[in-house]
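*Asks:* mind folding the following:
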Amino acid sequence: MESTQASLRERALASGQVAVGAPTERGTVPVAVPVQLRGQTLGVVEWEIPAAELDQNRTLLAQELANRLAISLDNARLFEDSARATSASGWSTRLPLN
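*Replies:* Numbering: from 1, shown residues only. This is a model prediction of the structure:
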């Protein structure tokens, strides 16, 4: 099973597309979705979706969640970069308490 999941991840990474595996004995279908930002693949997220619920809408939802994850990761990186630059410059912002 682990090698099947690894190959599913590798397929999603290599193709930059959603990769759908074979149904499992638990009645689920593994889905690997690349996390992409500005044309670069950052990684892959994986879900097991109940086989009866797997359709194009679920696949699109999985892709949208991966897209939002990529944006969130980029926002976190930008926030850290900004905090580092602010700290390095010795300048800080104080928000009013009221």
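
*Asks:* so which elements touch the longest helix seen in the chain?
*Replies:* Ordering each helix of the chain by length in residues (DSSP state H) puts helix 56-89 first. On a contact count with 3 or more C-beta pairs under 8 Å, 6 or more residues apart in numbering; DSSP states H and E, helix 56-89 meets strand 28-37, strand 40-50. Where you see a C-beta, it was placed from the backbone N, CA and C, and this is true even at glycine.

*Asks:* my read: R58 touches I49, true?
*Replies:* Yes: contact criterion C-beta atoms under 8 Å: R58 and I49 qualify, at 5.6 Å.

*Asks:* what angle separates the longest helix of the chain from strand 40-50?
*Replies:* Using axes from the mean of the first three to the mean of the last three C-alpha atoms, to 10 degrees, the direction of helix 56-89 lies 140 degrees away from that of strand 40-50.

*Asks:* and P96, what's its pLDDT?
*Replies:* At P96, the pLDDT value in this model is 61.
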